[in-house]
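**Student:** missing the sequence, but the structure's below:
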């Protein structure tokens with residue numbers, strides 16, 4: 001009669017907290033497709049005028065390094081950047097140029113784009129690969145407008161070469177750098193063309209939210225773990241000085257020049273159908289009808305065949321030759337004769353979550369809840385460490401140290417604390433397993449046939465949490481029962497009952513003040529941990 005209402009109240013509070021932080025998310029329409037007009041990805045042009053497209057391997061390639069000073073416009077911070085310039089030997093002057101733009105990470109001129117830059121140079125292009133401009137930023141604080149200024153600086157470097165036609169310098173942007181290319185084209189209206197490899201298209205909040213949701217599902221994670229994605233990508237990162245989630249890069253100017261878009265069918269990081277539609281829409285708004293789309297079977301996010309974590313992984317099919325042909329014909333002003341959309345059918349599993357937005361209230365609650373939990377766990381750890389030290393000291397001196405717990409509350413406290421912490425460890429391990437599965441997918445690996453822990457850990461945690469809540473309700477019932485016996489749970493309290501409890505002569509919980517403090521801080525810390533579970537949706541999914 002007592003423990004059941006307590007259990008209902010505790011569980012109801014946790015379910016309410018889960019629903020309070022729930023984020024609506026529309027996955028529809030699912031299974032979107034765009035049919036290609038040809039399965040042949042070759043890019044061809046009308047050569048009746050006597051012009052011909054370049055071919056890979058026509059020239060020997062020379063290379064040299066140039067060092068530039070990259071000044072970050074917003075702060076004045078300097079970074080010395082090496083630029084690796086590859087040139088076709090004996091190709092003459094008036095050549096087209098390509099500047100390569102890095103995706104995520106910390107690429108250098110020596111470990112990035114080597115094969116593609118070499119192949120383009122062997123076909124008659126002057127190419128430039130630079131150390132990625134990062135300054136003192138990290139993955140969360142990248143300066144995209146500042147990076148665009150440095151890439152533009154390198155474009156001007158190529159334009160200034162005697163062998164380069166300054167009106168034929170374009171860019172090769174991949175993944176994250178397709179956000180930078182938007183800023184670049186807004187500041188430099190003379191870029192000749194762009195090759196976009198797996199463009200992200202939408203803002204980081206929407207692109208990364210799509211990526212995480214799709215990859216969690218592909219990895220086989222339980223739906224509950226996907227609820228974490230919803231909450232994470234509704235965080236108001238601006239509260240922490242991080243403003244990149246909502247940068248405005250989707251503008252017509254970003255697609256106002258001849259554009260080649262390339263996707264791989266095993267790319268699990270981009271919204272290919274909606275992304276292609278949006279690129280075409282933006283290009284048409286800018287008056288540009290020169291957009292070519294190519295999709296390659298079995299290719300991953302960087303158009304490689306297989307796991308990108310392994311060195312030497314080759315490009316997909318005819319991708320290199322297609323890029324060279326398209327860039328060569330485009331810079332010569334030739335008329336394209338091949339289909340604009342070709343290759344494998346484009347496919348997208350779920351919709352881009354455009355309803356994602358910065359939720360300040362949710363963010364403040366999340367921060368307050370998690371900081372409170374960490375402080376309580378720290379206080380609990382200090383108290384239990386003190387108990388351990390005192391017990392060791394007492395044993396060494398042949399003395400007895402007791403916290404004075406009564407009625408078996410010490411055993412209940414230890415058991416429930418261990419069970420709650422074990423559940424937390426299982427939660428972190430399950431989430432870690434999901435993240436590792438997503439990383440494997442991103443590198444081009446195949447999802448595991450049996451998702452294992454990333455699926456079964458969620459319902460197991462739910463069962464354990466409900467059992468823990470029931471156990472806590474029994475503990476609180478026992479406290480009420482003992483308080484009733486001692487004359488506390490009545491009004492007015494029995495004369496002298498409060499003094500007996502405070503002095504420890506007739507304890508409800510423990511005869512020592514330290515024991516009572518230890519119990520309540522530990523209990524509150526464990527209940528806060530359950531609230532954290534509730535925040536991440538554990539009690540509704």
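**Tutor:** Right, received. Where do you want to start? Because the structure is a prediction, the values reported are computed rather than measured.

**Student:** Mind splitting the chain into its structural domains?
**Tutor:** 3-23+359-535, 32-348 (automatic domain parsing).

**Student:** could those be laid out in JSON lines, adding mean neighbour count, distance to residue 541 and mean pLDDT?
**Tutor:** C-beta: built from backbone N, CA, C; applies to glycine. Below are these laid out as JSON lines (neighbours: other C-beta atoms under 10 Å; distance: least, C-beta to C-beta, whole Å; pLDDT from 0 to 100):
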{"stretch": "domain 3-23+359-535", "mean neighbour count": "16", "distance to residue 541": "8", "mean pLDDT": "82"}
{"stretch": "domain 32-348", "mean neighbour count": "19", "distance to residue 541": "4", "mean pLDDT": "93"}
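
**Student:** Which residue ranges of the chain form strands?
**Tutor:** Remark: strands assigned in the chain by DSSP state E are 32-34, 61-71, 78-88, 95-101, 126-130, 164-174, 194-197, 259-264, 291-296, 341-343, 346-348.

**Student:** Parallel or antiparallel, which strands does the fourth one pair with?
**Tutor:** Listed by DSSP bridges, the sheet partners of strand 95-101 and their directions read strand 126-130 (parallel), strand 164-174 (parallel).

**Student:** Output those strands in TSV, with distance to residue 413 appended to each entry.
**Tutor:** Shown next, in TSV, are those (distance: least, C-beta to C-beta, whole Å):
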stretch	distance to residue 413
strand 126-130	60
strand 164-174	55
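
**Student:** Out of the ones you listed, which gets nearest to residue 15?
**Tutor:** strand 164-174 (44.5 Å; C-beta to C-beta).

**Student:** residues in contact with the closest one?
**Tutor:** 93-103, 113, 116, 126, 151, 155, 158-160, 180-181, 184, 190-199, 257, 302, 323, 327, 331 (C-beta atoms under 8 Å, 6 or more residues apart in numbering).

**Student:** Same question for stretch 370-381.
**Tutor:** 417, 521, 522, 524, 525, 528, 529, 531, 532.

**Student:** For the residue lying closest to the fifth one once chain neighbours are set aside, give its distance to residue 370.
**Tutor:** Distances taken as C-beta to C-beta, 6 or more residues apart in numbering put residue 376 closest to residue 525, at 3.8 Å, once the chain neighbours are dropped. Note on residue 376: its distance to residue 370, by C-beta to C-beta, to the nearest Å, is 11 Å.

**Student:** Does residue 66 touch residue 80 like I think?
**Tutor:** No: Residue 66 lies out of contact with residue 80 (C-beta atoms under 8 Å); the separation is 11.3 Å.

**Student:** I'd guessed residue 532 sits against residue 369; true?
**Tutor:** Yes: with contacts counted by C-beta under 8 Å, residue 532 reaches residue 369, the gap being 6.2 Å.

**Student:** separation between the closest residue to residue 2 other than its chain neighbours and residue 272?
**Tutor:** What sits nearest to residue 2 in space, not counting adjacent residues and going by C-beta to C-beta, 6+ apart, is residue 477, at 4.5 Å. Remark: distance between residue 477 and residue 272 (C-beta to C-beta) = 56 Å.

**Student:** now swap in residue 126 and tell me
**Tutor:** In terms of C-beta to C-beta, residue 126 sits 31 Å off from residue 272.

**Student:** How about residue 435?
**Tutor:** Distance from residue 435 to residue 272, by C-beta to C-beta: 23 Å.
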